[in-house]
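Undergrad: structure for this input, please:
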Amino acid sequence: MTDAPVNGSVPTVGPEVPVVARFCPSPTGNPHVGMARTALFSWAFARHHGGRFVFRIEDTDASRDSQESYGLLIDVMRWLGLDWDEGVEVGGPNGPYRQSERADVYADVVQRLLDAGLAYKAYDTAEELEERREKARAEGRPSGYDGLHRDLTPEQQAAYEAEGRRPVIRFKMPAKDWTFDDLVRGPITFGAENVQDFVIVRANGQPLYTLTNPTDDALMGITHVLRGEDILSSTPRQVALYEAFAQIGVGQGFIPRFGHLPYVMGQGNKKLSKRDPESNLLGYREQGFLPEGLLNYLALLGWSIPPVDGVDRDVFTLEEMVQAFDISRVNPNPARFDLKKCEAINGDHVRLLEVADVQERIVPHLQAAGLVQDPITADEHAMLSAATPLVHERISLLSEAVTMLRFLFVGEDAFTIDEKDRAKQLDGKGLDVVRAALTALESIGESTEWSCPTIEGALRVALVDELGLKPRLAFGPVRVASTGSRISPPLFESLELLGRTRTLQRLRAVL
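TA: Next comes the predicted model:
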């Protein structure tokens, strides 16, 4: 059923046990890219092995947790498409899946640990602890808890409580080294001197992460734990708790496999934090990143997909990632978040979509910018259907379509020209070009079809042939005058969609 024991007492989960992986964020602040990367790797691991994926919430810190953040976590997971088999909003046999609703579970486990002599009440004050720590540091000894209150008599406990002291509850760490085989980093050993007794319940009765996390993992049958390397130092404590759980009948009698993922680094090679702008997951959605494009890039932060026919590749689907995901390919070294590469990969995914799909995904961004109605009207839909093919190959983010197509959806009273582009393109020479273009386009009679070929023919004759201008110099001023920007879809197609009346009106307005 299991592999060899980690430290000789409780076995590690074996390969024949069905995989159960989990993701368990805290609802504090906005979801961030490091969180999404952890969720992605855990989800892909579970899906690759045909296992189950559990999504639970660690919300025992009432001072920091919020219902708003909880809602955002659910929203983001659904947007990313990382579905879960068991957990919040879905249910399952091991609920509830919010720690704030599991107080009775933790109280029962703590009492069992106390009754078995595996945990104890400690009445040290903060001042006493700091004084002893300072002394230990001065003497070159480890500054963790020294176990002074490990074996208090009932009389000593009563005396402390008579003073009004409220105890914390500490777990008794066995005096031995702790070794485990990390899925990413290989065998890791923590010396006994570096893992002292630790607090599992605060003096106010609130259970800590050090207890709630492994308790939930044990009771929910989690077999594999993938998480950030910042939690690596807590692993020996959790392994010790699993051994204790086996003695008191909590869980399924095995220790999960652990894999600690590399840091994600931001600008200046500093660890990317929740507060860094490039860390805000909601910002990427607002900018128009596709969930499949963002996940593709996040997968590359520490992992690589195997080459195909000897050729490396950076762009792949979520299904291809699941099929290929091998935790042994995760690099333990820090990965740097490169926004430009993230945008480029997202652009590749935009181009992989069908035009109709791109059009549908653009609509919410146009609505957010106030350019189309909600719901979109038939006329607006028809215009977008004609315009989307023009930008499909030119955008990396869906929000860029808003900038490129704005000129088609604004009324003439709201149409504006970018002042920097006006200064560069609509000086004296540029206005002469616009004047010649206006004359040429006016010559297209109303009985003649206003179409891309007729528009192109008229402008090329007037500006390239007759004025002798190179196309870049000939069409730049016309583009700015009619679309408001130097960056737009192809000029002739743009003018066709804009229509004869609006095109001539804008050229005349510039003059």
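
Undergrad: what's the burial count for Leu491?
TA: Leu491 has 20 neighbouring residues, counting by other C-beta atoms under 10 Å. All C-beta spots, glycine's among them, are computed from the backbone N, C-alpha and C.

Undergrad: could you report the pLDDT at it?
TA: You'll see Leu491 listed with a pLDDT of 97.

Undergrad: that one and Arg479 touch, don't they?
TA: Yes: counting by C-beta atoms under 8 Å, Leu491 touches Arg479, with 5.2 Å between them.

Undergrad: how is this protein partitioned into domains?
TA: Listed by automatic domain parsing, the domain ranges of the chain are 2-88+211-262, 108-201, 415-511.

Undergrad: of all those, which one comes closest to Ile345?
TA: Closest to Ile345 of these, according to C-beta to C-beta: domain 2-88+211-262, at 13.6 Å.

Undergrad: Arg406: which element?
TA: In the assignment (DSSP states H and E), Arg406 maps to helix 398-409.

Undergrad: list of residues touching that helix?
TA: Residues outside helix 398-409 that contact it (C-beta atoms under 8 Å, 6 or more residues apart in numbering): 286-290, 350, 358, 361-362, 365-366, 369, 371-372, 380, 383-384, 387-388, 391, 394-395, 415, 482-485, 487-489, 494, 497-498.

Undergrad: just the buried members of those?
TA: 287-290, 350, 358, 361-362, 365-366, 369, 371-372, 380, 383-384, 387-388, 391, 394-395, 415, 482-485, 488-489, 494, 497-498 (16 or more other C-beta atoms under 10 Å).

Undergrad: so Asn346 sits in a helix?
TA: Yes: with DSSP: H, G, I helix; E, B strand; the rest coil as the criterion, Asn346 is part of a helix.

Undergrad: from Phe23, how far out is it?
TA: Counting by C-beta to C-beta, to the nearest Å, the separation of Asn346 from Phe23 is 23 Å.

Undergrad: backbone dihedrals for Ser488, both of them.
TA: In terms of degrees, to the nearest 10, the main-chain angles of Ser488 are phi -160, psi 170.

Undergrad: I'd assumed Arg479 was in contact with it.
TA: Yes: between Ser488 and Arg479 there is a contact at 5.8 Å, judged by C-beta under 8 Å.

Undergrad: need the residues touching each of these two.
TA: Joint contacts of Ser488 and Arg479 (C-beta under 8 Å, 6+ apart) are Ser494.

Undergrad: which stretches of the protein form strands?
TA: Along the chain, the segments classed as strands by DSSP state E run 2-5, 11-13, 20-23, 52-55, 86-87, 119-122, 168-171, 178-182, 186-190, 198-201, 224-228, 257-261, 264-265, 335-336.

Undergrad: for the fifth one, enumerate the helices and strands it packs against.
TA: It refers to strand 86-87. On a contact count with 3 or more C-beta pairs under 8 Å, 6 or more residues apart in numbering; DSSP states H and E, strand 86-87 meets strand 52-55.

Undergrad: the strand it packs on - contacts with which helices or strands?
TA: Under the contact definition 3+ C-beta pairs under 8 Å, 6+ apart, strand 52-55 sits against strand 20-23, helix 33-48, strand 86-87.

Undergrad: to Gln252, which of the ones you listed lies closest?
TA: Among the helices and strands packed on strand 52-55, strand 20-23 comes nearest to Gln252, with 10.0 Å by C-beta to C-beta.

Undergrad: give me the residues contacting the closest one.
TA: For strand 20-23, contacts defined as C-beta under 8 Å, 6+ apart pick out 38-39, 42-43, 45-46, 51-56, 82, 84, 217, 220-226.

Undergrad: any of the residues you listed buried? List them.
TA: Buried among the contacts of strand 20-23 by 16+ other C-beta under 10 Å: 38-39, 42-43, 45-46, 51-56, 82, 84, 217, 220-226.

Undergrad: the nearest residue to Glu89 once chain neighbours are set aside: how many residues sit nearby?
TA: Of all residues beyond its chain neighbours, the one nearest Glu89 is Ile74 (6.0 Å), with distances taken as C-beta to C-beta, 6 or more residues apart in numbering. Ile74: 16 surrounding residues under other C-beta under 10 Å.

Undergrad: cool, and Lys341?
TA: Neighbours around Lys341, by other C-beta under 10 Å: 13.

Undergrad: next one: it from Met321, what distance?
TA: 17 Å.

Undergrad: and if you look at Arg22?
TA: Distance from Arg22 to Met321, by C-beta to C-beta: 19 Å.

Undergrad: so between those two, which is more surrounded?
TA: Neighbour tally, Arg22 and Met321, criterion other C-beta under 10 Å: the higher count belongs to Arg22, 29 against 21.

Undergrad: off-centre distance for stretch 393-410?
TA: Relative to its chain's centre, stretch 393-410 lies at 25 Å (C-alpha atoms, centre = their mean, to the nearest Å).

Undergrad: can you check stretch 329-336 too?
TA: The offset between the C-alpha centroid of stretch 329-336 and the centroid of the whole chain comes to 17 Å, using C-alpha atoms, centre = their mean.

Undergrad: cool, and stretch 324-331?
TA: With C-alpha atoms, centre = their mean, you get 19 Å for stretch 324-331.

Undergrad: quick check: closest non-adjacent residue to Ala462.
TA: Ala440 (3.6 Å).
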